[in-house]
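Q: Please find the sequence and the predicted model below.
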Amino acid sequence: MRKQQIAILGSTGSIGTQALEVIEEHSDRYEVYCLTANNKVELLAQQALKYNPAAVVIANEAKYDQLCALLSSRPDIKVYAGSKALDDIVEAGPIDMVLTAMVGFAGLSPTVHAIKARKKICLANKETLVVAGELICQLAQQYHVPILPVDSEHSAIFQSLVGEGDNEIEKILLTCSGGPFRLMSDEQIKTVTAADALRHPTWDMGAKITIDSASLMNKGFEVIEAKWLFGIEADRIQVLIHPQSIVHSAVQFRDGSVKAQLGLPDMRLPIQYAFSFPERLSLSGGRLDLFAHPLEFFEPDTQKFRCLALAFEAIRQGGNMPCILNAANEVVNEAFRQGRCSFPQMATVIEQTMQRATFDKSPSLDTYFNTDAEARRIAKELINA
């Protein structure tokens, strides 16, 4: 059997490194064709030396010479740099599937190029669908490209829908750990730091996503993502706080039946399922013991965690508003990590950016890029005011 060739966009992040573990465990089936990173040049070089890709791309062009030097002993590995190189590499003929594990808006353009090149998309970059969900779904349909979700929640929904055909979905139940501040008072939350937010209770993720999980913006993004992936309006997507992170999400059907996917918090499972669907492969690691895990569910507090409410508002308005939401969030997320913005201030800046940025009900791809730039500028001005 010919090995499937995989391009990993964002190989040095949490999803990327775990995807490499999956590929290593099933080296008889999968092979790395390309690895990319934004700044972590030393780790990227280490990965390249271990997994022998045909090419590597460092998005930060200033790191190109350093990467070339680190891989000087391997002239067979082609080295590229810059955002255009990311767009170009995903179109390479040998590639069978592209794992989009980049963080943020930067994942949009290479995903569009991969779809147009008719590559199977294993989607871990949720911002792609948050920003341009309608456009991405249209392109996927036009080019007959499957989009397989890698987020644990969306993989759970997808797994719950397998075999259901056209059976009507009544409701999607999107679970959420609640983050580290779930039980804190409003007064306590005013003084939390990035270090506090980065101590996620159940998942090991990158810094940006961990902060988004603490604010529940990550869950708001996932609501938008679910809307586009599964063709269901946001008012039929219910967010449930589930501290144990065992029920990864569920689907309720028109007859009242609920199907859920359960498992230990391990991102390798949804990564591998996206690679191997419809087949299930063996996976090393622990197994779920339901005797050891009581299951609890609570309603989210959208007054305390306003980012979730803002995400629903962005969905309601549609157009480029989710793009504005995402751009402002990327700015405040970074500012909070750097100590330039308080935790409650993040939601305030996002809300004010949504009020000030230019709204477009029917955006094009160029509109998304212009909107992203404008919203970032507004959010930075609000933080520095």
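A: On my side now, so go ahead. Just so it is clear, the structure is predicted and the values come from calculations on it, not from any experiment.
Q: From here on, just use CA atoms for contacts and neighbour counts.
A: OK.
Q: Give me the distance between the two termini of stretch 274-294.
A: The straight-line separation of the ends of stretch 274-294 (CA to CA, to the nearest Å) is 28 Å.
Q: What are the contacting residues of it?
A: Stretch 274-294 has contacts (CA atoms under 8 Å, 6 or more residues apart in numbering) with 25, 122, 148-150, 155, 244, 246, 263-264, 269, 272-273.
Q: Adding distance to residue 164, neighbour count and pLDDT, write these out as a markdown table.
A: A markdown table is the format used below for the contacts of stretch 274-294 (distance: CA to CA, whole Å; neighbours: other CA atoms under 10 Å; pLDDT from 0 to 100):
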| residue | distance to residue 164 | neighbour count | pLDDT |
| --- | --- | --- | --- |
| 25 | 30 | 14 | 97 |
| 122 | 21 | 26 | 98 |
| 148 | 17 | 22 | 97 |
| 149 | 17 | 27 | 97 |
| 150 | 20 | 29 | 96 |
| 155 | 15 | 22 | 98 |
| 244 | 27 | 20 | 92 |
| 246 | 23 | 23 | 96 |
| 263 | 21 | 17 | 96 |
| 264 | 24 | 18 | 94 |
| 269 | 21 | 24 | 97 |
| 272 | 21 | 23 | 98 |
| 273 | 18 | 19 | 98 |
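Q: could you dump those to TSV with secondary structure?
A: Formatted as TSV, the contacts of stretch 274-294 follow (DSSP: H, G, I helix; E, B strand; the rest coil):
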residue	secondary structure
25	helix
122	strand
148	strand
149	strand
150	coil
155	helix
244	coil
246	coil
263	coil
264	coil
269	helix
272	helix
273	helix
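Q: what's the most distant pair in these?
A: Checked with CA to CA, the contacts of stretch 274-294 reach their widest spread between 25 and 244, with 27.2 Å between them.
Q: What number of residues are in the vicinity of residue 371?
A: 23 (other CA atoms under 10 Å).
Q: which residue packs closest to it, ignoring adjacent ones?
A: In space, and not counting its chain neighbours, residue 371 is closest to residue 324: 6.5 Å by CA to CA, 6 or more residues apart in numbering.
Q: quick one: what helix or strand has that neighbour in it?
A: Assigned by DSSP states H and E, residue 324 falls within helix 321-337.
Q: how far does that helix sit from the chain's center?
A: Computed by CA atoms, centre = their mean, to the nearest Å, the chain-centroid distance of helix 321-337 equals 14 Å.
Q: can you check stretch 208-222 too?
A: Offset of stretch 208-222 from its chain centre (CA atoms, centre = their mean): 10 Å.
Q: related to what we said a few turns ago, quickly note the distance from the residue nearest to residue 371 to residue 313.
A: Note on residue 324: its distance to residue 313, by CA to CA, is 12 Å.
Q: Likewise for residue 272?
A: Distance, residue 272 to residue 313, by CA to CA: 34 Å.
Q: Also residue 196?
A: To residue 313, residue 196 is 28 Å away according to CA to CA.
Q: And residue 286, by the same measure?
A: From residue 286 across to residue 313, the span is 39 Å (CA to CA).
Q: about what we covered before: residue 324 and residue 313: who's more crowded?
A: Shown here are residue 324 and residue 313; by other CA under 10 Å, residue 324 has more neighbours (31 against 17).
Q: so what's that one up against?
A: Applying CA under 8 Å, 6+ apart to residue 324 gives the contacts 353-354, 357, 371-372, 375.
Q: go on, residue 305?
A: For residue 305, the contact set (CA under 8 Å, 6+ apart) comprises 215-216.
Q: want to throw the contacts of stretch 274-294 into TSV with distance to residue 101?
A: Shown next, in TSV, are those (distance: CA to CA, whole Å):
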residue	distance to residue 101
25	19
122	9
148	13
149	11
150	9
155	15
244	25
246	23
263	22
264	21
269	15
272	14
273	15
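Q: Among those residues, find me the one that's closest to residue 384.
A: Nearest to residue 384 among the contacts of stretch 274-294, counting by CA to CA, is residue 150 at 35.9 Å.
Q: how close does that closest one get to residue 355?
A: Taken as CA to CA, the span from residue 150 to residue 355 is 32 Å.
Q: go on, residue 125?
A: Counting by CA to CA, the gap from residue 125 to residue 355 is 26 Å.
Q: In contact with residue 267, which residues?
A: When contacts are counted by CA under 8 Å, 6+ apart, residue 267 touches 15, 18, 151-152.
Q: Tell me which residues touch residue 334, please.
A: When contacts are counted by CA under 8 Å, 6+ apart, residue 334 touches residue 208.
Q: Apply 7 Å and report the result again.
A: By CA atoms under 7 Å, 6 or more residues apart in numbering, the contact set of residue 334 is empty.
Q: In this structure residue 54 contacts residue 35, no?
A: No: judged on CA atoms under 7 Å, residue 54 makes no contact with residue 35 at a distance of 8.7 Å.
Q: Pick out whichever of these two has more residues nearby.
A: Ranked by neighbour count (other CA under 10 Å), residue 54 and residue 35 place residue 35 first, with 29 against 16.
Q: If you tally nearby residues, what's the number for residue 76?
A: Using other CA under 10 Å, residue 76 is surrounded by 12 other residues.
Q: Surely it forms part of a helix?
A: No: counting by three-state DSSP, residue 76 is not found in a helix; it is coil.
Q: ok, so what distance separates it from residue 9?
A: Look at residue 76 and residue 9: by CA to CA, they are 20 Å apart.
Q: swap in residue 93?
A: Distance from residue 93 to residue 9, counting by CA to CA: 16 Å.
Q: The two: which has the busier surroundings?
A: Per other CA under 10 Å, whichever of residue 93 and residue 9 has more neighbours is residue 9, with 30 against 11.
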